[in-house]
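In: Sequence below, structure please.
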Amino acid sequence: MTKRCYYEVLGVERSATEDELKKAYRRLTMKFHPDRNPDDPQAKEKFVEVKQAYEILADAQKRTLYDRHGHAAFEHGAGNGAAGFGDVGDIFGDIFSDIFGMGGGGRRRAARGADLRYVLDLDLEEAVAGIEKQIEVPTLVGCHHCNGTGSADGKTAACPTCRGHGRVRMQNGIFSVQQTCPHCGGAGRVIETPCRECEGEGRLHDERTLSVRIPAGVDTGDRIRLNGQGEAGPAGAAPGDLYVEVRVRPHAIFQREGDDLYCEVPIRFAQAALGAELCVPTLDGETKITVPPETQTGQMFRLRGKGVRSVRSGRTGDLLCRVAVETPVRLTRKQRELLEQFEATFADAEECAAHTPRASSWLDGVRQFWARMTA
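Out: Now for the predicted structure:
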């Protein structure tokens, strides 16, 4: 099974700092922790994958090896070396490449175009339902005047510096070492007549309009990879990839945690005391919940299947409504008189304790606290 790039697993760039790696690791381990996803069999696999990626990239030496050799650096049994390389010459080839700019395989291949990152802001409704978006990405595109070759007439000639070999020899005392030709970059060929539009680069700055299909259930931090939609490579080399990173805007009513949604439902004092039937919003429209008598602030009511359908497992989360008892304001004279009459019914301490158990237990705690302080 092909392993995913560790940078892609953590959702960071290759230039990510230690703090960026740590933040990404903490966010993803919370997101995929098996205890938070008991019904998602893939969550444990992703949790382990994130942990493996962080263990490699958080270690400076391991990260250097990974950047140079990829997953092969940690696949034991591929050769005699501890790092798992099949040929000792590969190691020396990389060393000479770092020092003298020479690749172990002769001529250096043309560099691939850079990967691009695009942050796409979505409303919660768009992220939950899925949507197709048109995005405009500033990037380097292949020059249409020279078809990305950088040559005005399509002709190239042997490099005069390396005479077409792509490498030049350096003499330093008794050592003689070959390095990549600084003139042609190891290609062995140079452009005779550079294209005037791109000045021989084969690329131009432009803005590309792309259509991106966002699957239902995505959340902040999720990324969509568009192969070959990054920057064009120099002189006709392969383009990079485009990573569209989702960022969901805060919602006026709902807060999302994983596949569950939360909302606060204000109710009047009398509704909480006597019970009531309330209409509450969902992403599919309104629905009703029954609030029993003597409901307290903070009590949760769960509406199963009214949350978000997971983009990975297909499981649909729940909507949790938190009740908040609202104190009435701007009372009329009659309302104030009625409340004063109601409050007068609590004059008896024993009767008051029967109706307000939480307040009574709190007062008992305060008395015990002061007794210990004054003892």
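
In: What is the burial count for Val329?
Out: Here the neighbour count serves as a burial measure; for Val329 (other Cβ atoms under 10 Å) it reads 5. Where C-beta positions appear, they are placed from N, C-alpha and C, glycine not excepted.

In: tell me the secondary structure for it?
Out: Using DSSP: H, G, I helix; E, B strand; the rest coil, the secondary structure recorded for Val329 is coil.

In: Test for you: state the pLDDT assigned to it.
Out: The pLDDT attached to Val329 in the predicted structure is 91.

In: Check the one 4 residues further on too.
Out: The confidence metric pLDDT takes the value 96 at Arg333.

In: Quick one: the strands in the stretch 151-300 of the chain, in order.
Out: For the stretch 151-300 of the chain, the strands identified by DSSP state E, counting those that start in this stretch occupy 156-158, 167-172, 175-180, 189-191, 203-214, 223-226, 242-248, 255-257, 260-268, 276-282, 285-291, 300-303, in order along the chain.

In: Mean pLDDT for these - can I get that in JSON lines?
Out: As requested, the strands of the stretch 151-300 of the chain are exported to JSON lines (pLDDT from 0 to 100):
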{"stretch": "strand 156-158", "mean pLDDT": "85"}
{"stretch": "strand 167-172", "mean pLDDT": "74"}
{"stretch": "strand 175-180", "mean pLDDT": "74"}
{"stretch": "strand 189-191", "mean pLDDT": "83"}
{"stretch": "strand 203-214", "mean pLDDT": "90"}
{"stretch": "strand 223-226", "mean pLDDT": "93"}
{"stretch": "strand 242-248", "mean pLDDT": "94"}
{"stretch": "strand 255-257", "mean pLDDT": "93"}
{"stretch": "strand 260-268", "mean pLDDT": "95"}
{"stretch": "strand 276-282", "mean pLDDT": "93"}
{"stretch": "strand 285-291", "mean pLDDT": "93"}
{"stretch": "strand 300-303", "mean pLDDT": "95"}
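
In: For Phe32, find the nearest of those strands.
Out: Distance to Phe32, taken as Cβ to Cβ, is lowest for strand 255-257 among the strands of the stretch 151-300 of the chain, at 13.7 Å.

In: can you pull the buried residues of that closest one?
Out: Using 16 or more other Cβ atoms under 10 Å as the test for burial, strand 255-257 gives Arg256.
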